[in-house]
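*Asks:* Return a 3D structure for these sequence lines:
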Amino acid sequence: MSEILVTGATGNVGRHVVARLLAAGAGVRALARDPETAGLPEGVKVVSGDLSAPATLDVALEGTSAVFLVWPFLTTEGAPAVLEALARRTGRIVYLSSSGVNEAAERQTDPINQLHADMERMIEESGLEWTFLRSNTIASNARGWGEQVRATRTVRGPGIAATAVIHEGDIAAVAVPVLTGDGHVGARLVLTGPQVLSRAEQVRAIGEAIGRPVAFEEVPVEVARRQMLADGRPPALVEALLASAETRPASNVITSTVEEITGVPARTFRTWAEEHAEEFR
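*Replies:* Residues are numbered from 1 along each chain as shown. I've put the predicted structure just below:
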């Protein structure tokens, strides 16, 4: 039986994709730099490989029918070689992209959306069958606020335009039928949650979930830059995130794609916060 390879399988979205593929009875492989520490469920074939070393992918891809691709880098350097490896060994790619991509624009609004637009273009030119999951802000990004919430009950950061935050499990719920079926080749699926929320509203929902008030304090970009660098985040990542804060436009887009494909409405951020409340206490 052919199998589906999941990259980013130990991450927030990838773990959900792995679990749902298993539940659907699919053969699942998970790409990991260190299979011994992957910590994935029984029934998953964890294979050694690294997207930064395309030569390691051929064995991992042998016998696969599709790949769920999360691109973990801030540039497309190395992507052509990875896509060549995929084109040699498999037939389909489902790529986790961004709802901020505007295919009509010559340049995107910020570096992260530009990265996704460039990846989409290369995938389209690869010869593979493809589907793009253009995800809105992912709820699990809020895990990065955990230490601040636990220590001070205040989240300090730059203001970013409100968006319809999506539960990472809902991305996975869409990914599985797309990976295992034939009905979405060539589709650009925009995935959102059911509510447009600011950062302050997300933080408030976390406070309600843990039963303690939590506030959001917006700080100037330069203050945020100093703090993020002091926290040890890579400078290139800091600049990409802050560029998004400064230039990404507001979006009121809410789609019904999750419900149309899965039959179940997209979950609220409040639901996500309740599921993860212990991480913030």
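*Asks:* When you work out contacts or count neighbours from here on, use the C-alpha atoms and nothing else.
*Replies:* Noted.
*Asks:* confidence score at the closest residue to residue 215 other than its chain neighbours?
*Replies:* Spatial nearest neighbour of residue 215, chain neighbours left out: residue 154 (4.8 Å); criterion: C-alpha to C-alpha, 6 or more residues apart in numbering. You'll see residue 154 listed with a pLDDT of 96.
*Asks:* burial of residue 154, as a residue count?
*Replies:* By other C-alpha atoms under 10 Å, the residues close to residue 154 number 18.
*Asks:* where exactly do the strands run in the stretch 101-250 of the chain?
*Replies:* Along the stretch 101-250 of the chain, counting by DSSP state E, counting those that start in this stretch, strands occupy 129-135, 154-157, 188-191, 215-218.
*Asks:* any chance you could map the helices in the stretch 51-200 of the chain?
*Replies:* Ranges of helices within the stretch 51-200 of the chain are 57-61, 79-89, 111-124, 146-152, 168-180, 199-210, based on DSSP state H, counting those that start in this stretch.
*Asks:* Need the residues that contact the second one.
*Replies:* So the one you mean is helix 79-89. With C-alpha atoms under 8 Å, 6 or more residues apart in numbering as the test, helix 79-89 has contacts from 51, 54-55, 57-58, 61-64, 119, 122-123, 126-128.
*Asks:* for the fifth one, same thing?
*Replies:* The list of residues contacting helix 168-180 from outside it, by C-alpha under 8 Å, 6+ apart, reads 4, 12-14, 16-17, 20-21, 26, 66-68, 94, 131, 133, 135, 138-140, 184, 191, 258, 261-262, 266-267.
*Asks:* And the longest one, by the same measure?
*Replies:* Contacts with helix 111-124, where a contact means C-alpha under 8 Å, 6+ apart, come from 74-76, 79-80, 83, 95, 97-98, 100-103, 107-108, 130, 132, 240-241, 243-244.
*Asks:* picking that back up, could you dump the helices of the stretch 51-200 of the chain to JSON lines with distance to residue 219 and mean neighbour count?
*Replies:* Formatted as JSON lines, those follow (distance: least, C-alpha to C-alpha, whole Å; neighbours: other C-alpha atoms under 10 Å):
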{"stretch": "helix 57-61", "distance to residue 219": "43", "mean neighbour count": "18"}
{"stretch": "helix 79-89", "distance to residue 219": "35", "mean neighbour count": "18"}
{"stretch": "helix 111-124", "distance to residue 219": "21", "mean neighbour count": "20"}
{"stretch": "helix 146-152", "distance to residue 219": "14", "mean neighbour count": "15"}
{"stretch": "helix 168-180", "distance to residue 219": "27", "mean neighbour count": "23"}
{"stretch": "helix 199-210", "distance to residue 219": "12", "mean neighbour count": "21"}
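*Asks:* Just send those back as TSV, with distance to residue 232 too.
*Replies:* Shown next, in TSV, are these (distance: least, C-alpha to C-alpha, whole Å):
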stretch	distance to residue 232
helix 57-61	30
helix 79-89	26
helix 111-124	20
helix 146-152	14
helix 168-180	25
helix 199-210	22
